[in-house]
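Trainee: one predicted model, sequence on top.
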Amino acid sequence: MMYALDQINGDDELLPNVTLGARILDTCSRDTYALEQSLTFVQALIQKDTSDVRCTNGEPPVFVKPEKVVGVIGASASSVSIMVANILRLFQIPQISYASTAPELSDDRRYDFFSRVVPPDSFQAQAMVDIVKTMGWNYVSTVASEGSYGEKGVDAFMQLSREAGGICIAQSLKIPHDHKSSDFDKIIRQLLDTRYARAVILFASDEDIRGILNASKRADQVGHFLWIGSDSWGAKNSPIQHLEDAAVGAITILPKRATISGFDAYFTSRTLENNRRNVWFAEYWEENFNCKLMSSSKKDESSRKCTGQERIGIDSKYEQEGKVQFVIDAVYAMAHALHNMQRDMCPENSGICPEMEIAGGKKLLKYIRSVSFNGSAGTSVTFNRNGDAPGRYDLFQYQWNNVTGLGYRMIGQWTETLQLHKEDMQWPRGEQEIPTSVCSLPCKTGERKKVVKGMPCCWHCEPCDGYQFQPDEFTCKLCSYNMRPSANRTFCQPIPIIKLEWHSPWAVIPVFLAMLGIIATIFVMATFIRYNDTPIVRASGRELSYVLLTGIFLCYIITFLMIAKPDVGVCSFRRIFLGLGMCISYAALLTKTNRIYRIFEQGKKSVTPPRLISPTSQLAITSSLISVQLLGVLIWFGVDPPNTIIDYDEQKTLNPDLARGVLKCDITDLQIICSLGYSILLMVTCTVYAIKTRGVPENFNEAKPIGFTMYTTCIVWLAFIPIFFGTAQSAEKLYIQTTTLTISMNLSASVALGMLYMPKVYVIIFHPELNVQKRKRSFKAVVTAATMSSRLSHKASDRPNGEAKTELCENVDPSSPAAKKKYVSYNNLVI
């Protein structure tokens, strides 16, 4: 301060003809003591009541008025500045601090006469928040010295971290004023309760910083904590002396400063002789040179006597104190304000004019807040409306250097925004990567964060499962019905579409059976056409046989329609032919069995033949039965036009990777059963007639082969129904149901083809000698056969060669031998 005053008083351009003086007091860093000391600044402004005071001679006393103090520079500690500011504002004395950074001093309503050339801790706290976020630390603890500086600094950090988001405070601890070493040990234990919060914000005094580092060393936790120290730590050696290993990796903040070279020359030239005006210089001399000046000195008796010839920087280590720049800038700010005030109020006078003498502190404060000049470090000195200087900080890290050893290294700066050189940083314990200080590790891709209530930086990771994807880090959301999550569950993608492929084993077997059946059907049909007029073909009922063979052929054809790629055309043909082949087949068989049944029932009652037994009538009846099926299909087309759909539910497995959409015709299981229901009704009716005609003479117009065909077919379809509906919930439903349906239809067709026509084809081709005309029977003979059939002996001895023994009524000669007993074969007789 004295150096700055000398510079100002020696400057003819600044405050010409005005000499600044100073009354300098020691606050001892105690707010209560500083309050007492500050009363001396306001003595001149206090009016004294002397009416009752008289000298011994009876005269009123003459008081020497103390010199008026126009402004105060200081203090250093925020708690001291706050106490002093409360007094000075009452007397409107402007105050400029060079080191007090407590955020509450920015309150212009409470501390309206306070200004400072250093930025408030709110800027420093913002710089700390930016450092923490840049390093990726979201879980930190805070430690503060009890008092305004520490507590308000931590409060500012916590407030700004909440506003910034993404930073959680694990613990906020306070170092008591009257602390013991056990208090520091307790703080370290508490910090270790949240081990993952390695980063620790420190707003503490030098002494408290030493206590914390010492306690971490005693707890064998050197290198565990990542200290972030405020400007009270800065780049000073005193807080870490003999504790360097515990401070390695610490990041510290210091208001941007520069070394004032002129001050170094000035201070190193100070001696006991030329610096008598500094009443504390002798004490400094003793401490600096570790010697004793006088007997009244507080140094112990063992200290050597000072010679007075010692030299600062030669006989002792010297390093410019970090606050020198700000002290000089504070003094110059006051000087520039007075200079501008003099220029405006005393334009005619070179010194102080009466107007300036009576101008109050409020006027001077206005000039202080409006100053703008380049300070001792070349940076501009200005004040905002709250009296704060702009935030400019240098960032340091205490680290190892191969040349100089352990020391502070500048790693960046903060001027409204952070500029941090991570590549220049080193970490304790030899860590190569930036250490972590997080409550919870990041969730893996596809896992959402479930945040712990009240601790937004702590979470549990829950996997998005099933068909959920992760639109953001906190949410799992279901994909739409036709989508499934990607492999990393960051988005949804379409579910693959499948259909029954021709090369699938599920399709190969039905197709193979259908092709064999088609070939066999064509072969039978060709054989019947080739031998159309032979007795066996004629005896089988040619018209209905061709109808039946057509139905069998369509039963085989439906296999290819069921496996073909679904489209509107294929779906239309499926609806038409799904039940049509079976309907044609069983309509023809029903007509046949019904004809046989009616003939033999009628024969029991009279010799008159029943109606509608001619081939034309049989075709008409069959066509009528088939038309019912076609009418149902037409109604189906009208009510629900054929279309294709993609069924995403059929193969929606628990594992979305296996999910498939099934391209198929818009035909439900119920509609399939309804389409087949009429054919099944015909089949059941035909089976009933087959049972009723089971007593008809063997091979009489295919009654028994038809019966065996229907019994076997019923068994096939009884097996089909539980398989078809039992697999409705299976992921393989498409394959199982299609294969089951087609194989059932193939088997039904094959049973009819094999039992009804293959024996005839065999005889036609391999035993043509049996394919000859037998004697036609009249209806009278049929009636006799019908009447006598119930009386037939079923003993083997009575039926040689498998023929039935009966009486024939068509022979008129009763004396004929044939009229008495005759064995008649019913093979190939036309009815």
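Mentor: In hand now; what should we look at?
Trainee: contacts only, for residue 710.
Mentor: The contact partners of residue 710, by CB atoms under 8 Å, 6 or more residues apart in numbering, come to 589, 683, 686, 687, 690. (Each C-beta comes from the backbone N, C-alpha and C, glycine too.)
Trainee: neighbours around the third one, how many?
Mentor: Same thing as residue 686. Here the number of neighbours of residue 686 (other CB atoms under 10 Å) works out to 26.
Trainee: so which bits of stretch 18-29 are buried?
Mentor: 18, 20, 25, 27 (16 or more other CB atoms under 10 Å).
Trainee: so the third one touches residue 40, yeah?
Mentor: Spelled out, that is residue 25. Yes. Applying CB atoms under 8 Å, one finds residue 25 in contact with residue 40, separated by 6.9 Å.
Trainee: confirm residue 755 sits in a strand?
Mentor: No. Read with DSSP: H, G, I helix; E, B strand; the rest coil, residue 755 is helix and lies in no strand.
Trainee: my read: it touches residue 708, true?
Mentor: Yes. Between residue 755 and residue 708 there is a contact under CB under 8 Å: 5.6 Å.
Trainee: more neighbours: these two, which one.
Mentor: Using other CB under 10 Å as the criterion, residue 755 and residue 708 rank with residue 755 on top: 19 against 13.
Trainee: right, and residue 292 touches residue 306 too?
Mentor: Yes. Under the criterion of CB under 8 Å, residue 292 makes contact with residue 306 at 6.4 Å.
Trainee: list residues touching both of the two?
Mentor: With CB under 8 Å, 6+ apart as the test, residue 292 and residue 306 both reach residue 286.
Trainee: which sections of this protein are below the confidence cut-off?
Mentor: Low-confidence segments of the chain, defined by pLDDT under 70: 44-52, 63-65, 295-299, 301-302, 601-610, 694-703, 728-729, 731, 773-831.
Trainee: tell me the domain ranges of it?
Mentor: Per automatic domain parsing, the domain ranges recorded for the chain read 1-47+63-117+322-378, 121-256+392-430, 261-319, 447-491, 505-642+669-770, 779-824.
Trainee: now tabulate those domains in a markdown table and tack on distance to residue 53.
Mentor: Output for these, formatted as a markdown table (distance: least, CB to CB, whole Å):
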| stretch | distance to residue 53 |
| --- | --- |
| domain 1-47+63-117+322-378 | 9 |
| domain 121-256+392-430 | 40 |
| domain 261-319 | 32 |
| domain 447-491 | 66 |
| domain 505-642+669-770 | 110 |
| domain 779-824 | 161 |
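Trainee: out of those domains, which gets nearest to residue 654?
Mentor: Checking the domains of the chain against residue 654 by CB to CB gives domain 447-491 as the closest, at 7.1 Å.
Trainee: end to end on the closest one, go ahead and measure it.
Mentor: Domain 447-491 has an end-to-end distance of 13 Å (criterion: CA to CA, to the nearest Å).
Trainee: same question for stretch 421-428.
Mentor: Using CA to CA, the end-to-end distance of stretch 421-428 comes to 17 Å.
Trainee: what's that stretch in contact with?
Mentor: The contact list for stretch 421-428 (CB under 8 Å, 6+ apart) reads 134, 222-224, 226, 248-249, 397, 399-400, 409, 411-412, 434-435.
Trainee: buried among these? Make that a ChimeraX selection.
Mentor: Burial among the contacts of stretch 421-428 is assessed by 16+ other CB under 10 Å; the matching ChimeraX selection reads:
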select :222,223,224,226,248,249,397,399,409,411,412,435
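Trainee: show me the helices in the stretch 401-550 of the chain, by range?
Mentor: Under the criterion DSSP state H, counting those that start in this stretch, helices of the stretch 401-550 of the chain are mapped to 505-530, 535-539, 542-563.
Trainee: in the chain, which helix is the longest?
Mentor: helix 568-605 (DSSP state H).
Trainee: now whichever helix or strand comes after that helix: buried residues?
Mentor: Later in the chain than helix 568-605, the nearest helix or strand by DSSP states H and E is helix 615-639. Using 16+ other CB under 10 Å as the burial criterion, the residues of helix 615-639 that qualify are 618, 619, 621, 622, 625, 626, 629, 632, 633, 636.
Trainee: and what of stretch 185-204?
Mentor: Neighbour-count burial for stretch 185-204 flags 185, 187-188, 191, 194, 197-204 (criterion: 16+ other CB under 10 Å).
Trainee: which ones among these map onto helices?
Mentor: Using DSSP H, the buried residues of stretch 185-204 in helices are 185, 187, 188, 191.
Trainee: quick check: which element contains the closest residue to the second one other than its chain neighbours?
Mentor: Take residue 187 and drop its neighbours on the chain: the residue closest to it by CB to CB, 6 or more residues apart in numbering is residue 173, 5.2 Å away. When secondary structure is defined using DSSP H and E, the element that contains residue 173 is strand 168-175.
Trainee: just want the most central residue of this structure.
Mentor: Nearest to the geometric centre of the chain sits residue 473, at 3.3 Å (CA atoms, centre = their mean).
Trainee: quick one: contacts for that one?
Mentor: Residues in contact with residue 473 (CB under 8 Å, 6+ apart) are 443, 448, 449.
Trainee: and for residue 225?
Mentor: Per CB under 8 Å, 6+ apart, neighbours of residue 225: 191, 198, 199, 200, 216.
Trainee: do residue 303 as well
Mentor: Going by CB under 8 Å, 6+ apart, residue 303 touches 286, 290, 291, 292.
Trainee: pretty sure the first one contacts residue 292?
Mentor: Yes. Counting by CB under 8 Å, residue 286 touches residue 292, with 6.3 Å between them.
Trainee: give the helix, strand or coil label for residue 673.
Mentor: Assignment for residue 673 (three-state DSSP): helix.
Trainee: ok, now how distant is it from residue 738?
Mentor: Residue 673 sits 15 Å away from residue 738, going by CB to CB, to the nearest Å.
Trainee: for those two, indicate the residue with more neighbours.
Mentor: Each of residue 673 and residue 738 has its neighbours counted (other CB under 10 Å); residue 738 has more, 21 against 14.
Trainee: A helix includes that one, no?
Mentor: Yes. Counting by three-state DSSP, residue 738 is found in a helix.
Trainee: can you tell me which strand in the chain is longest?
Mentor: Longest strand of the chain, by residue count under DSSP state E: strand 405-415.
Trainee: can you map out the helices along the stretch 651-800 of the chain?
Mentor: For the stretch 651-800 of the chain, applying DSSP H, counting those that start in this stretch gives helices covering 669-692, 703-726, 733-756, 758-766, 779-788.
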